[in-house]
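Undergrad: A structural model of the following input is requested.
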Amino acid sequence: MGDKQSEGRKANGAAPGGKPDPATPDKDVIATGREAARRAGPDGPDAGEVGKTFKSAPGQAPTDP
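TA: Residues are numbered from 1 along each chain as shown. Model (predicted):
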């Protein structure tokens, strides 16, 4: 894992970001990051759908921007 760690991550006791181990290719790390940005979670919907849900007024259905 990388030596770069933000102060906030240190304070929260988070593991440093970056490669899970030295054998993992950079290409795989980048692909995983891009995929994570498109999903709300491992089983969740598109992250945009989650955002629309939480940005809509209580009692109203989410709308498209």
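
Undergrad: when you work out contacts or count neighbours from here on, use the C-alpha atoms and nothing else.
TA: Noted.

Undergrad: could you tell me which ranges of the chain sit under the pLDDT cut-off?
TA: The chain contains residues with pLDDT under 70 at 1-3, 16, 40-45, 47, 61-65.

Undergrad: now the helices for it?
TA: Assigned by DSSP state H, the chain shows helices spanning 7-12, 26-38, 47-55.

Undergrad: would you turn those helices into a markdown table with distance to residue 19 and mean neighbour count?
TA: Shown next, in a markdown table, are the helices of the chain (distance: least, CA to CA, whole Å; neighbours: other CA atoms under 10 Å):
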| stretch | distance to residue 19 | mean neighbour count |
| --- | --- | --- |
| helix 7-12 | 16 | 10 |
| helix 26-38 | 6 | 11 |
| helix 47-55 | 23 | 13 |
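
Undergrad: just send those back as JSON lines, with distance to residue 18 too.
TA: Output for these, formatted as JSON lines (distance: least, CA to CA, whole Å):
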{"stretch": "helix 7-12", "distance to residue 18": "13"}
{"stretch": "helix 26-38", "distance to residue 18": "8"}
{"stretch": "helix 47-55", "distance to residue 18": "22"}
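
Undergrad: closest one to residue 20 among these?
TA: The stretch from these with the least distance to residue 20 (CA to CA) is helix 26-38; that distance is 8.4 Å.

Undergrad: elements contacting that closest one?
TA: With contacts defined as 3 or more CA pairs under 8 Å, 6 or more residues apart in numbering; DSSP states H and E, there are no secondary structure elements packing on helix 26-38.

Undergrad: quick check: angle from that helix to helix 47-55?
TA: 30 degrees (axes from the mean of the first three to the mean of the last three CA atoms, to 10 degrees).

Undergrad: what about residue 22, distance to residue 36?
TA: 20 Å (CA to CA, to the nearest Å).

Undergrad: no more questions from me, cheers.
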